[in-house]
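> Sequence and predicted structure below; questions after.
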Amino acid sequence: MKLYFREVGDPANQPLIILHGLFGSSDNWLTISKSIAALGYRVIMVDQRNHGQSPRSDDHSYPAMAADLHELILNLGLQQPVLVGHSMGGKTVMQYAMTYPTTFSKLVVVDIAPKFYPVHHADILRGLSAIDLSGLKTRNEADDVLKDYEPIPTVRQFLLKNLYRDTNADGSVAFNWRLNLPVITREIHGIGDELTDMQPVPQPTLFIRGERSPYILDSDWPGILRLFPHAKLVTIAEAGHWVQAEKPAEFVAALGEFLV
C-alpha cells in the first residue's frame with residue numbers, strides 16, 4: 001500500500017520515519033518533527049493505513065502495516081532509516097524490525113510494549129460512531145455528542161481532528177472521517193494483540209514512556225529485554241501516554257541523546 005507522508009528537514013540527511021498511534025495521523029507530529037529535523041535528520045511522518053490521507057483496507061494487522069512501511073522505505077530509496085513509533089505505531093515498528101531485520105539502523109518505541117493489551121477504547125469508538133455526519137453542521141456539535149463518551153477536552157480535540165469537510169458527488173459539502181471507523185471498530189481487539197513471529201532485534205532500541213502512563217510497566221522490562229537485548233528505557237516525568245505532546249522538549253532531548 002502506498003502511504004501518504006509529509007517530510008521536513010534536509011533530504012540529504014539521515015532519514016527518520018515517524019508512525020503515529022491509533023486515531024492519529026502525520027499531522028500530529030508536524031510541530032515536533034521540526035525540532036527533530038534540527039538535530040540533523042530528514043523526518044518523514046507517515047499516515048498509517050485506515051488513518052489520515054492514506055488508503056483504506058479491510059486488513060489492519062501489524063504484518064500488513066509493517067509491509068506498508070517496507071514499501072515506503074523501498075519506494076523512497078531510504079538507506080538504514082531510524083524508525084520511531086508511538087503506541088500502535090510503536091507496535092508497527094517493532095513488527096517491522098522483526099520482519100525486516102537488516103533494513104533500519106535504530107528503533108524508538110514510544111509508550112507501548114510488545115505485549116497484549118485488552119480493549120480500552122470502546123467508549124471512544126462508541127462516541128465517534130454516535131456522531132451523525134449526515135446532519136452535522138459544526139465541530140462543536142460533534143464535541144457535544146462526544147463529551148458523553150470522553151470527558152477530557154484535549155482528547156476530544158485530538159479525536160475530532162479526524163473530521164474534515166468533504167464535497168459530495170452532488171456538490172454539497174458535508175463532514176467525513178479521515179479514519180476508517182468501521183474497520184478500526186471491527187479490528188480493535190487485534191490492535192491490542194501481541195506481535196507475530198517474535199524474534200530478538202539486535203539494533204539499538206530506545207523505549208520512552210510517560211511516568212503517569214500504565215502502558216510500559218516495570219514488570220514488562222525483562223520481557224522487553226529478551227526481544228530487544230540492546231534496549232534502553234527513558235521515563236519522562238509528569239507525562240502520560242502522549243509523551244511527545246505533553247513534554248515535547250524532554251522527548252526531543254531523550255531522542256537526541258539516543259541518536260548521537
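Yep, it's here. Residues are numbered from 1 along each chain as shown.

> can I have stretch 170-180 written out in CSV, keeping just the CAs?
Coordinates of the C-alpha atoms in stretch 170-180 are reproduced here as CSV (Å, rounded to 0.1, in the frame of the first residue of the first chain):
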residue,chain,number,x,y,z
ASP,A,170,-23.9,16.4,-5.9
GLY,A,171,-21.6,19.3,-5.0
SER,A,172,-22.9,19.6,-1.4
VAL,A,173,-20.4,19.8,1.5
ALA,A,174,-20.5,17.5,4.5
PHE,A,175,-18.3,16.3,7.2
ASN,A,176,-16.5,13.0,6.8
TRP,A,177,-13.9,10.9,8.7
ARG,A,178,-10.2,10.5,7.9
LEU,A,179,-10.5,7.3,9.9
ASN,A,180,-11.8,4.0,8.5
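
> who's in contact with that stretch?
23, 25, 49-53, 56-57, 60, 128, 133-134, 136, 142, 162-168 (CB atoms under 8 Å, 6 or more residues apart in numbering). In short, each C-beta sits where N, CA and C put it, glycine included.

> now, which of those lie within strands?
Counted as lying in strands by DSSP state E, out of the contacts of stretch 170-180, are Leu163, Tyr164, Arg165, Asp166, Thr167.

> Mind giving me the PyMOL command for buried ones among those residues?
Buried subset of the ones in strands among the contacts of stretch 170-180, written as a PyMOL selection, criterion 16 or more other CB atoms under 10 Å:
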select buried, resi 163
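
> Mind putting the ones in strands among the contacts of stretch 170-180 into a markdown table with pLDDT and distance to Ala122?
Listed next are the ones in strands among the contacts of stretch 170-180 as a markdown table, based on pLDDT from 0 to 100; distance: CB to CB, whole Å:
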| residue | pLDDT | distance to Ala122 |
| --- | --- | --- |
| Leu163 | 96 | 20 |
| Tyr164 | 94 | 24 |
| Arg165 | 92 | 28 |
| Asp166 | 87 | 27 |
| Thr167 | 80 | 32 |
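
> tell me which of the ones in strands among the contacts of stretch 170-180 is nearest to Ser105?
Tyr164 (35.2 Å; CB to CB).
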